[in-house]
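Visitor: Curious how this folds, go ahead:
(chains A and B)
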Amino acid sequence: MDKTKILVVDDNPTIRKGLSIRLQANGYEVLFAEDAISATAALVAERPDLVILDLGLPAGDGFVVMERLRKHDRLANIPVIVLTGREMAGNRERALQAGATAIFQKPVEDGTLLFAIRKALDVSRGELRFDE
Amino acid sequence: MTEPTRRSSALTSYLSHELRNALACIHQFGNILVDGLAGELSGEQREYIGIMLENASKIRSVLDGALDGASDPLEKCANKIERVSKLET
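Guide: Modelled structure (predicted):
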């Protein structure tokens, strides 16, 4: 059985590496993108099962990535977990309206993030509603 | 939005982004070490990383609320630092 693929989009290479170690240790295959353009390319080429998305990115931002994602038939249902260093005021509502499944402010507890990932994947596979 | 308000808001956003990313790295890699994902640690090593993570959590506590949606980030930050100091004594 193929591993669940998670695309990590963050312009900070240290954050990408830390997430990669944690996610791989939990059995996920991890893909990376460092800006809005490479994120869109990776989404189309790889069709990941879930995206962990920073909001502050070069060449666009996380909202641009979500907008492109939601307009694309084949990709529109991929769950997106926003992980941002930005202040939550304003960004939380905007991210959820843009289609984010969940939003967390950095730093997030590993257990919290892994739980949200599992739940978002279950929901996207039709095994659970997100409010369950 | 007035110029001072705009500048204060821009400073808040900048500080939030930069400090939270730096804290996230400390938090991520500290926990990777504690969880043994980079090899087993001695009891002493584990204790020192625990101290590091505990202090990173204190910084996060200062940031939470102090910067998020702050109308006066500096004043809120000073109040938050005072509250954390009182908790420690």
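
Visitor: Buried ones in the helix ranked longest in chain A, by neighbour count?
Guide: Secondary structure of chain A read by DSSP state H shows that its longest helix is helix A:110-124. Neighbour counts over helix A:110-124 (16 or more other Cβ atoms under 10 Å in any protein chain shown) mark A:110, A:113-114, A:116-117, A:119-121, A:123-124 as buried. Backbone N, C-alpha and C define where each C-beta goes, glycine included.

Visitor: so where's chain B uncertain?
Guide: Within chain B, the ranges that satisfy pLDDT under 70 run B:68-89.

Visitor: Around chain A, which positions in it sit nearby?
Guide: B:12-13, B:16-21, B:23-29, B:31-32, B:35, B:37-38, B:56, B:60, B:67-69 (Cβ under 8 Å from any Cβ of the partner chain).

Visitor: List only buried entries from those residues.
Guide: For these, a burial check counting by 16+ other Cβ under 10 Å picks out B:12-13, B:16-17, B:19-21, B:23-29, B:31-32, B:56, B:60, B:67-68.

Visitor: I'd like the next helix or strand past the helix or strand hosting A:F63.
Guide: Assigned by DSSP states H and E, A:F63 falls within helix A:62-71. The first helix or strand that comes after helix A:62-71 along the chain, using DSSP H and E, is strand A:80-84.

Visitor: What helices and strands are in contact with the very next helix or strand once past that following strand?
Guide: Using DSSP H and E, the next helix or strand after strand A:80-84 towards the C-terminus is helix A:91-97. Here helix A:91-97 touches helix A:62-71, strand A:80-84, strand A:102-105, going by 3 or more Cβ pairs under 8 Å, 6 or more residues apart in numbering or on different chains; DSSP states H and E.

Visitor: Please name the bridge partners of A:E29.
Guide: Counting by DSSP bridges, A:E29 forms beta bridges with A:K5.

Visitor: any weak-confidence spans in chain A?
Guide: Within chain A, the stretches with pLDDT under 70 are A:1, A:127-132.
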